[in-house]
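Q: Generate a structure from the sequence data that follows.
(one chain, ligands or ions: 2)
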Amino acid sequence: MPTKHDKGRLVAPHFHNLLQVHIEEVNLDTDVLGTFSGEIERVGNSLETAIRKAKLGIEATGNPYVIASEGSITTDPFVPFISADIETLLFIDEELGITVHETVISNQIIAATTTTLKNNLDEFLKRADFPNHALIVKPNIGAGAIKGIRELRELEKAIIEARDKSADGQAIIESDFRAMYSPSRQENISKVGLKLAQRLVNTCPDCHTPGWGLKSYTRGVHCSECGDYAENALKEEILGCAKCEYTKPGAVINVTIDPSRCMSCNP
Ligand SMILES: [Zn+2]
Ligand SMILES: [Zn+2]
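A: Numbering: from 1, shown residues only. Ligands and ions are numbered 1, 2, ... in the order given. Here you go, the predicted structure:
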């Protein structure tokens with residue numbers, strides 16, 4: 001598992017317990033693929049970044065089995081003003097030729113940001129769960145981020161430094177999302193670790209390759225009131241294999257849709 005941020009111990013217990021797989025960290029500079037604090041822009045989506053990380057790990061070690069993790073913290077796509085941590089974990093077995101991944105979307109993430117223009121630092125530090133969660137301080141205009149801050153005196157010093165460097169005399173203070181500095185993110189990485197290990201336990205009913213699980217959905221459900229057809233509503237899970245084309249229906253998500261979600265009953 002290529003990581004700079006101490007993530008191996010978060011997923012290793014699940015892989016050990018469910019698969020008797022031993023995870024070893026490979027200390028690679030994964031920051032070249034993008035950083036949370038934005039010095040290096042992440043190119044592509046989380047899955048693509050995880051695949052690139054995994055390939056670096058295979059190149060560096062020659063080991064055909066690799067696990068790579070990638071997270072992104074954004075505002076929730078469905079609930080405005082709420083943060084969401086999207087954690088992707090990927091497993092590649094080059095010998096079998098399979099790539100299996102799982103994703104967890106969690107609102108259980110401490111994500112706070114402020115500028116020194118707004119002066120209620122105490123209220124902010126409570127919201128940021130400081131010092132349990134570490135902080136980053138950077139100039140509002142200009143470069144020079146100070147990361148991994150966990151002490152009040154260190155924080156005060158960093159704020160003064162960043163304000164001095166900033167063209168407008170202001171600093172930005174924000175959560176440090178690197179895994180070892182964010183306990184709430186650590187929990188989400190552990191959750192996606194469990195989900196991926198569980199998926200690898202499940203084998204294809206047809207070819208017995210590990211990684212059997214949710215692949216996509218069928219859509220199209222009728223309204224329970226007027227019977228109109230909502231073509232985009234999720235109907236049923238489709239389970240699939242990591243290797244062959246075999247699929248099977250999974251859990252039913254909606255038999256009908258509620259009139260409140262129907263374009264005819266509730267336009
Ligand atoms: Zn199969
Ligand atoms: Zn209807």
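
Q: where do the helices sit along this structure?
A: Per DSSP state H, the chain has helices spanning 8-19, 46-61, 121-127, 152-165, 183-201. These are given in chain order.

Q: What are the neighbouring residues in contact with the residue of the chain positioned farthest from its centre?
A: Relative to the centre of the chain, and counting by CA atoms, centre = their mean, the farthest-placed residue is residue 226 at 39.5 Å. By CB atoms under 8 Å, 6 or more residues apart in numbering, residue 226 lies in contact with 259, 262, 264, 265. C-beta here means a position set from N, CA and C on the backbone, and glycine is covered the same way.

Q: Distance check, the closest residue to the last one other than its chain neighbours against ligand 1.
A: In other words, residue 265. Closest residue to residue 265 apart from its sequence neighbours, by CB to CB, 6 or more residues apart in numbering: residue 259 at 3.8 Å. According to CB to the ion, to the nearest Å, residue 259 stands 40 Å off from ligand 1.

Q: Touching, residue 259 and residue 267? I think so.
A: No: with contact defined as CB atoms under 8 Å, residue 259 does not reach residue 267; the gap is 11.1 Å.

Q: between the two, which one's more packed in?
A: More crowded of residue 259 and residue 267, by other CB atoms under 10 Å: residue 259, with 14 against 5.

Q: Check what pLDDT that one gets.
A: pLDDT for residue 259: 93.

Q: still on that earlier bit, among the contacts of residue 226, give me the pair with the biggest separation.
A: Spatial extent of these (CB to CB) is set by the pair 259 and 264 at 8.5 Å.

Q: Touching both of the two, which residues are there?
A: Residues touching both residue 259 and residue 264 (CB under 8 Å, 6+ apart) are 223, 226.

Q: Can you name the residues that contact the residue nearest to residue 265?
A: Contacts of residue 259 (CB under 8 Å, 6+ apart): 223, 224, 225, 226, 265, 266.

Q: residue boundaries of the strands in the stretch 101-250 of the chain?
A: 113-115, 135-139, 146-149, 171-175, 213-223, 229-240, 247-252 (DSSP state E, counting those that start in this stretch).

Q: Partner strands of the second one and their direction?
A: Based on DSSP bridges, the strands next to strand 135-139 in the sheet, each with its direction, are strand 146-149 (antiparallel), strand 171-175 (antiparallel).

Q: Check what pLDDT the residue in the stretch 1-150 of the chain positioned nearest to ligand 2 gets.
A: Residue of the stretch 1-150 of the chain nearest ligand 2, by CB to the ion: residue 78 (22.0 Å). What the model reports as pLDDT for residue 78 is 79.

Q: and it, backbone torsions?
A: Main-chain dihedrals, residue 78, degrees, to the nearest 10: phi -110, psi -30.
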